[in-house]
Structure formats: C-alpha cells, structure tokens
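*Asks:* build me a model:
(4 chains)
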Number of protein chains: 2
Amino acid sequence: MIPTDLIKGSLKTIVLKLLKEEGPMHGYAITRKVEELTEGKIKLTYGALYPILHKLEKDGSLVTASENFNNRIRIYYALTPKGHTVVADKIKELNEFIESLQRIVDTKPRLSHA
Amino acid sequence: MIPTDLIKGSLKTIVLKLLKEEGPMHGYAITRKVEELTEGKIKLTYGALYPILHKLEKDGSLVTASENFNNRIRIYYALTPKGHTVVADKIKELNEFIESLQRIVDTKPRLSHA
DNA sequence: GTTTAATATATAAGCTATTTATATATTGTA
DNA sequence: TACAATATATAAATAGCTTATATATTAAAC
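*Replies:* Numbers count the residues shown, from 1 in each chain, chains lettered A, B, ... in the order given. Purely as a prediction, here's the structure:
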C-alpha cells in the first residue's frame, strides 16, 4: 500500500474524476472503486471521504440524491456544471503533477558522476 | 504552478532522488535543480527543505560536509548507505503512486453511461 | 555610491488536509 | 449467534507543509 503522505492532496481530484467517469456514486461505492482501480494500493478512508464530499456539495460542485436500498440509506453524489469545470481543472493539475514527478524519477545519473 | 497540496508528501522523495542522481548537493542548489527539472512547476521552499534535510541527517540517511565558497557557507548533503536503501524504497513507492494516479486519470467513461 | 537581486542557511507560528477513533444501523454469511 | 460487509458520519489529533522572519555576502544595476 502506498503511504498516505504521498496520496494526501490528490484525494479530492480522485473523487471528482471518478464521479465524472462513473456517473453519480454513493460514498461507499467510491471507496470500493478506488481500491479496485488501484489494486488496493490507495485506500480512501471514510474520515477523509465524507468531509471531501460535504465540502464539494457546499461549494456547489456536487448535488446529492438520497435513495433507500435494502433499508440502507444511499446518498448519491453527482457533478453539477460547476463541478465539471472543477474536475477539468483538477485533472489538468494532476497531469502536470504526474509529468513533473516522472521527469524527476526518470532522471538518470550523469556520466561525470559515474 | 502545481498547487502545494498535491506536491505535499513527495518532497522528501524528490530530495533523496536528486541526491542520488546528482551526488552531494547543498540546499540552495537542490531548490534550483527541482525548479529546473520541473520547469518551475514545483518549487521547494526553504521552510520545507531544511527541516527535511535535518531530519534525514538525524535519522542517518544523510551526512553533511561544510565548505566555504566566496565567504558563503555551503553545506553539502550526501547519501549514506542507509540513505541509498531509503531512496530505493521511496522511489519504488513513488512509482507505484504515479502508476495508480495514471490508472485513475486514464479511466475513460463506460459506454453504458455514454 | 547605493540600492536591488541573487546566493546561502535557518527556525517558529500557523494552516489544513488528512488519520485515527468512535458512533450507529442493517443485511448476509458462517 | 456472531462476524463480515454494507452505509454514513463526526471529532480530536497528527504531520507536513506555508508564510513570515532573521541573518549575511556578492554581483549587478542605476
């Protein structure tokens, strides 16, 4: 599993991206999907997830719709038009970040030091 | 510039990786190199850098050697054998992280939702 | 001649996103 | 009948960072 320090900071982007590609999801399903996509390497804790969702709802990026499924409440989160704009920006940032990290990781030692 | 939230957590790995590839460096040079490698997209502040270096020195991953250059003190940081082990682990983690992020970012919408 | 930018290291206070712990409740499985 | 899985939620604590501040020299600009 990837240490949380590293993942810290990209969780919001990950959540938004999932909602964009999968459509409306409820919290529990989001944690499942992240684990599935990353083969268990990234685990979204509920203590991190729900504050993120609530915050995004508050700022108008997400809207909710409650559903009763087997006597369990499911709260579906869906992107608003504003949310779609936010995701686009966040994805762009994340791509730049990935690119920068790769440039650093791919750096090979110089011959002068070999 | 990439928001600091995203970079937070990978700074230590970046510093260690640079010291591995470039050989001993002093703090100021490290900040310069990171900016250069990432085309200004990642900026290492001194408030972040020096505590990282001091911590790595304390735990035995780095050793220091002072040099006087133009009446300016330069403190060179170099990896110890332990440091080399730590870098290897950190790089491995970072690669897994990058891979996981890419898997999430590259996810395309399903036809069933199209 | 004097101000400004660049070089060089350092620390303390404050912020904020996260982890950890805790709470609650139902359904399916062993 | 107990345990695992499903489902949401919050509060306290942590930790890594940013921001601000301090100090000192050299080179360039004006």
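*Asks:* all helices for chain A, in order.
*Replies:* A:4-7, A:11-22, A:27-37, A:46-58, A:81-105 (DSSP state H).
*Asks:* ok now the third one, how far from the chain's centre?
*Replies:* Its chain's C-alpha centre lies 10 Å from the corresponding centre of helix A:27-37 when counted by CA atoms, centre = their mean, to the nearest Å.
*Asks:* can you check the fourth one too?
*Replies:* For helix A:46-58, the distance from its own C-alpha centre to the chain's C-alpha centre is 11 Å (CA atoms, centre = their mean).
*Asks:* also the longest one?
*Replies:* Taking CA atoms, centre = their mean, the mean C-alpha location of helix A:81-105 is offset from the chain mean by 11 Å.
*Asks:* repeat that for the shortest one.
*Replies:* Once both centres are worked out by CA atoms, centre = their mean, helix A:4-7 turns out to sit 13 Å from its chain's centre.
*Asks:* ditto for stretch A:92-108
*Replies:* In terms of CA atoms, centre = their mean, the centre of stretch A:92-108 is found 18 Å from the chain centre.
*Asks:* packed most tightly, which of the helices of chain A would that be?
*Replies:* Highest mean neighbour count of those: helix A:11-22, a mean of 21 (counted as mean count of other CB atoms under 10 Å in any protein chain shown). Every C-beta, even on glycine, is put in place using the N, C-alpha and C of the backbone.
*Asks:* I'd like to know which elements it is packed against.
*Replies:* Under the contact definition 3 or more CB pairs under 8 Å, 6 or more residues apart in numbering or on different chains; DSSP states H and E, helix A:11-22 sits against helix A:27-37, helix A:46-58, strand A:72-79, helix A:81-105, helix B:81-105.
*Asks:* and the third one, what's buried?
*Replies:* When neighbours are counted by 16 or more other CB atoms under 10 Å in any protein chain shown, the buried residues of strand A:72-79 are found to be A:75-77, A:79.
*Asks:* so which of these reach DNA strand D?
*Replies:* Subset of the buried residues of strand A:72-79 in contact with DNA strand D: A:Ile75, counting by CB under 7 Å from any atom of the strand.
*Asks:* closest to chain B among the buried residues of strand A:72-79?
*Replies:* Distance to chain B across the buried residues of strand A:72-79 (CB to the nearest CB) is lowest for A:Leu79, with 12.2 Å.
*Asks:* who wins for proximity to B:Glu99 among the helices of chain A?
*Replies:* Closest approach to B:Glu99 among these is made by helix A:81-105 (9.8 Å; CB to CB).
*Asks:* which residues touch the closest residue in space to A:Leu19 that isn't next to it in sequence?
*Replies:* Nearest residue to A:Leu19 in three dimensions, chain neighbours excluded: A:Leu79, at 5.3 Å (CB to CB, 6 or more residues apart in numbering or on different chains). Contacts here follow CB atoms under 8 Å, 6 or more residues apart in numbering or on different chains; on that basis A:Leu79 touches A:16, A:19-20, A:61-62, A:87.
*Asks:* just the closest of these to DNA strand C, please.
*Replies:* Using CB to the nearest atom of the strand, A:Leu16 comes nearest to DNA strand C of the contacts of A:Leu79, at 11.5 Å.
*Asks:* not counting sequence-adjacent ones, nearest residue to the closest one?
*Replies:* Nearest-residue entry for A:Leu16: A:Val87, 4.4 Å, with adjacent residues in sequence omitted and distances by CB to CB, 6+ apart.
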